[in-house]
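below: sequence and its predicted model.
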Amino acid sequence: MIKNAWVYAITSVESHYNCVGFYRSLSKRNISHRYIASKNLVYFNNKFFYHDKEIERPDIIYSVNQFLFRTDVNNTVYRKVNDIIKSGVICSNKFIPTFNATDKWKAFNIMKNNNIRTPDTILIDKDTKYDGSIISRLGSPFVLKLIKGATGNKYTLCYSEEELKLNFNTLNRMYDDITAVLAQQFISSTAGMIVTVGVVKDISYRAVIRIGDPSSNIKFLGDTENNRTQIAYKVDNKLRSVCDAVMNAFDLDCARIDMMVDDGEYYVLEANPPGGMNITDLMHNCLIADDMVERSIQLYG
């Protein structure tokens with residue numbers, strides 16, 4: 001029975017904005033709740049301390065930041081989340097499989113093995129040969145992206161293998177943990193447009209199409225707060241079946257699934273485990289949060 005919940009995030013203005021839906025949904029169901037900022041939480045001797053005061057262990061945590069599931073972004077935050085779950089607290093999404101979703105190379109292979117259409121992708125590392133085979137396979141331009149990238153950071157269009165080599169070597173020198181990147185097919189017919197579907201298993205599919213400003217510098221494909229708009233997008237049976245295949249492949253209860261459309265076919269880019277609370281507008285945030293709370297009540301009472 002869920003009586004006490006944490007809405008858990010890395011401290012930021014965006015995190016508070018994304019929490020609103022959870023606050024409203026939990027209050028409506030008379031479930032006590034509080035916001036927990038990771039940097040102020042300490043787990044010691046099987047007890048939780050927040051701002052140096054012991055606090056009650058929650059029945060469930062609702063995460064609003066996908067970064068909480070990524071060891072490369074903030075290993076301290078990851079350890080805290082892991083400690084919470086090891087102590088017996090339920091996570092609003094299944095935890096371990098999320099690593100398959102946030103590792104983009106692993107995610108590509110999982111989708112490929114499950115016959116989910118996704119842009120063709122090649123792993124680039126120190127042993128890669130730049131002999132024309134990359135251009136031959138992916139075409140030009142193609143996308144350079146990080147294996148564990150975040151919010152479009154360092155997504156770059158490359159027009160030649162030499163440009164790919166230069167960009168990869170630059171990243172490798174700047175960041176010790178970047179020892180490999182991905183080269184991915186570029187779906188040019190819908191450049192700047194991403195279909196995003198917030199899925200809560202057995203509850204809802206809520207979709208928007210995110211459209212970037214076509215006058216912006218297309219070299220950087222990641223969307224930003226100042227350079228996108230979004231409108232509602234119809235979820236038909238075809239889109240629903242693609243989402244179901246992704247959810248089953250990654251064993252997820254909720255996810256934000258990003259994809260591109262080309263000639264009526266959906267190409268899945270990634271599935272972000274927490275449900276994408278930090279990508280849609282406030283209305284969608286609130287609706288998806290309510291769906292996530294309803295799903296957890298179905299599962300756990």
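Ah, there it is.

so how far is stretch 125-138 off the chain centroid?
How far stretch 125-138 lies from its chain's middle: 28 Å, per Cα atoms, centre = their mean, to the nearest Å.

hmm, I was thinking of stretch 110-117
Distance of stretch 110-117 from the chain centroid (Cα atoms, centre = their mean) equals 18 Å.

in it, which residues are buried?
Within stretch 110-117, the residues scored as buried using 16 or more other Cβ atoms under 10 Å are 110-111, 116. Glycine gets a C-beta too; all of them are placed from N, C-alpha and C.

secondary structure for those - can I get that in CSV?
Formatted as CSV, the buried residues of stretch 110-117 follow (DSSP: H, G, I helix; E, B strand; the rest coil):
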residue, secondary structure
Ile110, helix
Met111, helix
Ile116, coil
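
could those go into CSV alongside distance to Asp244 and pLDDT?
Below are those laid out as CSV (distance: Cβ to Cβ, whole Å; pLDDT from 0 to 100):
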residue, distance to Asp244, pLDDT
Ile110, 15, 92
Met111, 13, 94
Ile116, 10, 97
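
out of these, which is nearest to Gly88?
The nearest member of these to Gly88, counting by Cβ to Cβ, is Ile110 at 28.7 Å.

how far away is the residue positioned nearest the centre of the chain from Ser63?
Nearest residue to the geometric centre of the chain (Cα atoms, centre = their mean): Asn272, 2.4 Å. Per Cβ to Cβ, to the nearest Å, Asn272 is found 11 Å from Ser63.

surely Leu239 meets Val199?
No: contact criterion Cβ atoms under 8 Å: Leu239 and Val199 do not qualify, at 10.3 Å.

what's the overlap in contacts for those two?
Common contacts of Leu239 and Val199 (Cβ atoms under 8 Å, 6 or more residues apart in numbering): Tyr205.

between these two, which one's more packed in?
Between Leu239 and Val199, counted using other Cβ atoms under 10 Å, the more crowded position is Val199 (27 against 19).

surely Tyr23 is in a strand?
No: with three-state DSSP as the criterion, Tyr23 is assigned helix and is not in a strand.

I'd guessed it sits against His33; true?
Yes: using Cβ under 8 Å, Tyr23 is in contact with His33, at 6.8 Å.

which of these two has more neighbours?
His33 (22 against 16).

what's the longest helix in the chain?
As assigned by DSSP state H, the longest helix anywhere in the chain is helix 282-300.

which strands or helices does that helix pack on?
With contacts taken as 3 or more Cβ pairs under 8 Å, 6 or more residues apart in numbering; DSSP states H and E, helix 282-300 sits against helix 13-28, strand 60-63, strand 193-200, strand 204-211, strand 254-262.

for Tyr130, which of the ones you listed is the nearest?
strand 254-262 (26.1 Å).

which element follows that closest one toward the C-terminus?
Next helix or strand after strand 254-262 toward the C-terminus (DSSP states H and E): strand 265-272.

only the buried residues of the longest helix of the chain, if you could.
284-296.

now stretch 161-179
For stretch 161-179, by 16+ other Cβ under 10 Å, it's 161, 163-164, 167-168, 171-172, 178.

the bottom helix or strand of the chain by mean pLDDT?
helix 98-102 (a mean of 53; mean pLDDT, DSSP states H and E).

contacting residues for His16?
By Cβ under 8 Å, 6+ apart, His16 lies in contact with 9, 35.

now do it, the pLDDT please.
Note for His16: predicted pLDDT of 70.

against Asp251, how distant is it?
On the measure of Cβ to Cβ, His16 and Asp251 end up 30 Å apart.

likewise for Tyr35?
According to Cβ to Cβ, Tyr35 stands 28 Å off from Asp251.

more neighbours: those two, which one.
Each of Tyr35 and Asp251 has its neighbours counted (other Cβ under 10 Å); Tyr35 has more, 16 against 12.

let me know the helix or strand that the more buried one is in.
Applying DSSP H and E, one finds Tyr35 within strand 32-37.

quick one: name whatever helix or strand follows that strand.
Taking DSSP H and E, what comes next after strand 32-37 is strand 41-44.

and that following strand, what's buried?
41, 43.

stretch 249-264 now?
Buried-residue list, stretch 249-264, by 16+ other Cβ under 10 Å: 249-250, 252-261.

how far does that stretch sit from its chain's centre?
Centroid separation for stretch 249-264 versus its chain: 10 Å, with Cα atoms, centre = their mean.

could you do stretch 285-297 as well?
With Cα atoms, centre = their mean, you get 17 Å for stretch 285-297.

list of residues touching that stretch?
Against stretch 285-297 from outside (Cβ under 8 Å, 6+ apart): 2, 17-18, 20-22, 24-26, 28-29, 31, 60, 62, 90, 92, 198, 200-204, 206, 253-254, 275-277, 280.
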